[in-house]
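Chemist: could you look at this predicted model? Sequence included:
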2 protein chains.
Amino acid sequence: MTDFSTGYFTMTEKEALEYAKTQLDFFTSDAQLSCKEIGDGNLNYVFKVVDSKRNKSIIIKQAGPVARISDEFKVSPDRNRIESEILQIQAKFAEKFVPKLYHYDTVMNCCAMEDLSDHEIMRAELMKHKKFPLFAEHITTFMVNTLVQTSDVVLDHKQKKELVKSFINPDLCEISEDLVYTEPFYDCPRNDVFEESKDFVKEHIWGDDKLALETAKLKFEFMTNAQALIHGDLHTGSVFIKEDSTKVIDPEFAFFGPIGYDVGNVVANLIFAYANARFTIEDEAERNDYLAYLETTITDVVDLFKEKFEVAWDEHATERVANYNGFKAHYLDLILRDTAAVAGLELSRRIIGLAHVADITSITDVDKRAQAERICLSASKKFILERESVKCGEDYINIIRAFEQQVTLEV
Amino acid sequence: MTDFSTGYFTMTEKEALEYAKTQLDFFTSDAQLSCKEIGDGNLNYVFKVVDSKRNKSIIIKQAGPVARISDEFKVSPDRNRIESEILQIQAKFAEKFVPKLYHYDTVMNCCAMEDLSDHEIMRAELMKHKKFPLFAEHITTFMVNTLVQTSDVVLDHKQKKELVKSFINPDLCEISEDLVYTEPFYDCPRNDVFEESKDFVKEHIWGDDKLALETAKLKFEFMTNAQALIHGDLHTGSVFIKEDSTKVIDPEFAFFGPIGYDVGNVVANLIFAYANARFTIEDEAERNDYLAYLETTITDVVDLFKEKFEVAWDEHATERVANYNGFKAHYLDLILRDTAAVAGLELSRRIIGLAHVADITSITDVDKRAQAERICLSASKKFILERESVKCGEDYINIIRAFEQQVTLEV
């Protein structure tokens, strides 16, 4: 029998099965268990353990000792504690939208959570051009509830500071600081630029001093602004979805950072879905219909966030000065500015930097991919440079449409 | 014999003497020790232990279980760990300007440090209208060295995050959030307003919605902007001084906050000294001479800070994006904005709020004190509301002089 109590080691499928059997109070003793490692993420091992007798299953997620994305990133297995504790906090404020956590283990750096196999990864579904009409409603409730409740607007300031302390996240923040805020904006050896986009990137991104300056400002804001407990990696690959349910997973990047970081990531990844649909759906009517759905979703994410944010503020604010005339509007304004900037950063970094998105890389036609990238990069720049004036859903749509028209006319 | 190892208790003079004898490796066995509690601060007990035989002395500072300013503030004795660790970090970057730390004890929540009895508390000396021509030079070196070196500009980001974690300071930050950022700006029962200033405060401070809004913005910046390891209470009562030496003491409020918080506090407290001199020095020539000295000091604090800050940045910056065109200027600009705002907050809170300064309260002539307060409050408002345009030493002097003229002409 394996001893799971004496020290950390990365589990095999067999050991994870044994772990499920002996360490969790989840399966019955006569369960017929099988186990499979299903992780396709970059940082963790994900084991699915199934009892075929009762059709019950559970996920065991274990932090690897080194990030799987690349040996260059050493990330502490402490992120599993962070993930488990965050899931509990998120469940407190937005129970419907996160997987249920059953167990976590600080020796083995693993946790056991609800199996969401009846859900699908949202990015893959969007690439199949499926619609999720409830997504904007769901994700904005998730964001508003988790973010407003963990900010100084609502949370007792001393309690908040204790949380800030326990979610200081040096390793994972370093990844974002490097991959999102720094490397994409200069000719860094670790970048991975599509051949057909190189000239554009050199001229319009790396060649632009004003853009570089703005990314520097944003990087320092990311490093210093402990606004709320953000998810920190809220792209469509961190969302499990089905028609009537949205579950946000993988909060291991969580820390106290700018609220707009989460909102901007959602928006940018919907724009990637838009770029994918624009260049891969052949049938015009079908394409326009799907693009219209995505436009509505992008618009709703921004506008419902604003709407719900104001309601949550009015309902939950405990901080005296939060009620001063004009302060709510000022605070929301800063979030929207950050949202635009982060949407811009994400659009560039997923095209120029080390970690790409399948929405773009799966566009097999070279010219079409180049066009898709150019639209995203142009919008990226505008979102960053003009972040003060991108304030509602429609502003995003207008910018994307304008560059879509410009880029496709140029060809 | 007293057992100091089993648990925290507040020491009497006798116990502190015994502590010095048995717990410190400082005095020889034949020392002839005496001990006196000399604390006049609000949070701690300060014992001076003297060996009359060898003319050697040491300070033992112990955190009380409750802040002595008022029973309403419960502050954790952990602040003594914070103080001791901060003194070590400050010594690393600015050794000349902090007392030497000999020992610290996490059970008794006390530390032993260099006795600075040959120095005097700066506020008291300024009230005697003494000059310290090296102060601006010293304090700007202290600030630039401790602040730039602990910011993300220089410090490795992961190391910085570990420091942020260990200097989360909920109790002491709460005091500043309440006493500096909130209570002075509304009719809070805990305020303590001089009778002759009440109408002015009601109309110009509490009655101004725009001012309230700006204080709300600043409060949230104070709570969320983890820019550098600031002293957090850098007024002239936290400075021990003699002609050729400046020592910054009492860093128990330290945490990662806005750099401008330290600079602004120094400036504001020099302005209090100015207001004191303006209304208490009878002889005109003598008064003008001392005011000119204070003007030079205020100007130098701001301008030397800027100058040395730029030099330190050029010399020590390790962060790649810190070298982007325009970023240093942008960063310094934000510090100067915060400096003006904090100078403004400090000027108001020491006149309206719970904790006053002797520079003002010692002005015995009622009319003169009212004038001094009005000058400070008027400058306070302008510094807060127009913080974007207060950028150099001369800007401060011009504002103070203008209000001085206005207020004294009105009489």
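Modeler: Looks like it arrived, so ask away.

Chemist: please identify the buried residues of the worst-scoring helix or strand of chain A on mean pLDDT?
Modeler: None of the helices or strands of chain A scores lower by mean pLDDT, DSSP states H and E than helix A:79-94, at a mean of 91. By neighbour count on 16 or more other CB atoms under 10 Å in any protein chain shown, the buried set for helix A:79-94 is A:79-87, A:89-91, A:93-94. Where you see a C-beta, it was placed from the backbone N, CA and C, and this is true even at glycine.

Chemist: relative to A:Ala370, which of the residues you listed is nearest.
Modeler: Relative to A:Ala370, the closest of the buried residues of helix A:79-94 is A:Arg79; by CB to CB it sits at 36.2 Å.

Chemist: which of the buried residues of helix A:79-94 lies closest to chain B?
Modeler: Using CB to the nearest CB, A:Ile82 comes nearest to chain B of the buried residues of helix A:79-94, at 12.8 Å.

Chemist: that closest one against A:Asn169, yeah?
Modeler: Yes. If you go by CB atoms under 8 Å, A:Ile82 and A:Asn169 touch, sitting 6.0 Å apart.

Chemist: list residues touching both of these two?
Modeler: A:Ala254 (CB atoms under 8 Å, 6 or more residues apart in numbering or on different chains).

Chemist: which residues of chain A lie near chain B?
Modeler: A:152, A:157-158, A:161-162, A:164-165, A:168-171, A:173-174, A:177, A:181-182, A:209, A:212-213, A:215-217, A:219-220, A:223-227, A:320-322, A:324-327, A:330-331 (CB under 8 Å from any CB of the partner chain).

Chemist: buried members of those residues into PyMOL, please.
Modeler: If you want just the buried ones from the residues of chain A next to chain B in PyMOL, going by 16+ other CB under 10 Å, the selection is:
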select buried, chain A and resi 152+157+161+164+168+169+170+171+173+174+177+181+182+212+213+215+216+217+219+220+223+224+225+226+227+321+322+324+327+331
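
Chemist: run a quick neighbour tally on A:Arg337.
Modeler: 21 (other CB atoms under 10 Å in any protein chain shown).

Chemist: what about it, which helix or strand?
Modeler: helix A:327-352 (DSSP states H and E).

Chemist: could you do A:Tyr181 as well?
Modeler: Using DSSP H and E, no helix or strand contains A:Tyr181.

Chemist: torsion angles phi and psi at the residue nearest to it when sequence neighbours are not counted?
Modeler: Using CB to CB, 6 or more residues apart in numbering or on different chains and skipping residues adjacent in sequence, the residue nearest A:Tyr181 is A:Lys219, 3.8 Å away. Main-chain dihedrals, A:Lys219, degrees, to the nearest 10: phi -60, psi -50.

Chemist: could I get the helix or strand that the helix holding A:Arg337 is followed by in PDB with only the CA atoms?
Modeler: Using DSSP H and E, the helix or strand that directly follows helix A:327-352 along the chain is helix A:358-361. Presented in PDB, the C-alpha positions along helix A:358-361 are these (Å, rounded to 0.1, in the frame of the first residue of the first chain):
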ATOM      1  CA  ALA A 358      -6.100  27.200 -30.900                       C
ATOM      2  CA  ASP A 359      -8.700  29.600 -32.200                       C
ATOM      3  CA  ILE A 360      -6.000  31.300 -34.200                       C
ATOM      4  CA  THR A 361      -3.400  28.500 -34.800                       C
END
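
Chemist: now helix A:358-361, how far from the chain's geometric center?
Modeler: 16 Å (CA atoms, centre = their mean, to the nearest Å).

Chemist: and that helix, what does it pack onto?
Modeler: Where contact means 3 or more CB pairs under 8 Å, 6 or more residues apart in numbering or on different chains; DSSP states H and E, helix A:358-361 is packed against helix A:122-127, helix A:259-280, helix A:366-385.

Chemist: just the angle for the following helix or strand past the shortest one relative to helix A:259-280, thanks.
Modeler: Yep, that's helix A:122-127 we're talking about. Using DSSP H and E, the helix or strand that follows helix A:122-127 in sequence is helix A:135-149. For helix A:135-149 against helix A:259-280, the angle by axes from the mean of the first three to the mean of the last three CA atoms, to 10 degrees is 160 degrees.

Chemist: who does helix A:135-149 touch, helix- and strand-wise?
Modeler: helix A:79-94, strand A:228-230, strand A:239-242, strand A:245-248, helix A:259-280, helix A:284-316.

Chemist: which parts of the fifth one are buried?
Modeler: The reference is to helix A:259-280. Neighbour-count burial for helix A:259-280 [16+ other CB under 10 Å]: A:259-280.

Chemist: thinking again about what came up before, and the buried residues of helix A:79-94, which is closest to A:Ser197?
Modeler: A:Arg79 (32.4 Å).

Chemist: give the contact list for that closest one.
Modeler: By CB under 8 Å, 6+ apart, the contact list for A:Arg79 reads A:Leu43, A:Ala63, A:Asn169, A:Asp171, A:Leu172, A:Glu252.

Chemist: quick one: the nearest residue to it once chain neighbours are set aside from chain B, how far?
Modeler: Closest residue to A:Arg79 apart from its sequence neighbours, by CB to CB, 6+ apart: A:Glu252 at 4.3 Å. For A:Glu252, the distance to chain B (CB to the nearest CB, to the nearest Å) stands at 16 Å.

Chemist: kindly report the same for A:Asp118.
Modeler: From A:Asp118 to chain B the distance is 38 Å (CB to the nearest CB).

Chemist: which SS class is the closest residue to chain B within the stretch 301-411 of chain A?
Modeler: Residue nearest to chain B within the stretch 301-411 of chain A (CB to the nearest CB): A:Val321, separated by 3.8 Å. State at A:Val321, reduced to three classes by DSSP: H, G, I helix; E, B strand; the rest coil: helix.

Chemist: got the contact list for the closest residue in space to it that isn't next to it in sequence?
Modeler: The shortest distance from A:Val321 to any non-neighbouring residue, by CB to CB, 6+ apart, is to B:Ala216 (3.8 Å). Residues in contact with B:Ala216 (CB under 8 Å, 6+ apart) are A:Val321, A:Ala322, A:Tyr324, A:Phe327, A:His330.

Chemist: report the angle between the helix or strand B:Ala216 falls within and helix B:327-352.
Modeler: Using DSSP H and E, the element containing B:Ala216 is helix B:209-224. Here helix B:209-224 points in a direction 120 degrees away from that of helix B:327-352 (the same axes, to 10 degrees).

Chemist: one step back: wait, which of the contacts of B:Ala216 is closest to B:Phe4?
Modeler: A:Val321 (43.5 Å).

Chemist: look up how far A:His330 lies from that closest one.
Modeler: Distance from A:Val321 to A:His330, counting by CB to CB, to the nearest Å: 11 Å.

Chemist: now do A:Phe4
Modeler: 51 Å.

Chemist: equivalent analysis for A:Thr364, please.
Modeler: 47 Å.

Chemist: what about the closest residue to A:Val301 other than its chain neighbours, how many residues close to it?
Modeler: With CB to CB, 6+ apart as the criterion, A:Val301 has its nearest non-adjacent residue at 4.9 Å, and that residue is A:Ala136. Using other CB under 10 Å, A:Ala136 has 23 neighbouring residues.

Chemist: go on, A:His356?
Modeler: That count, for A:His356 with other CB under 10 Å as the rule, works out to 16.

Chemist: likewise A:Val342?
Modeler: Counted with other CB under 10 Å, residues neighbouring A:Val342 total 29.
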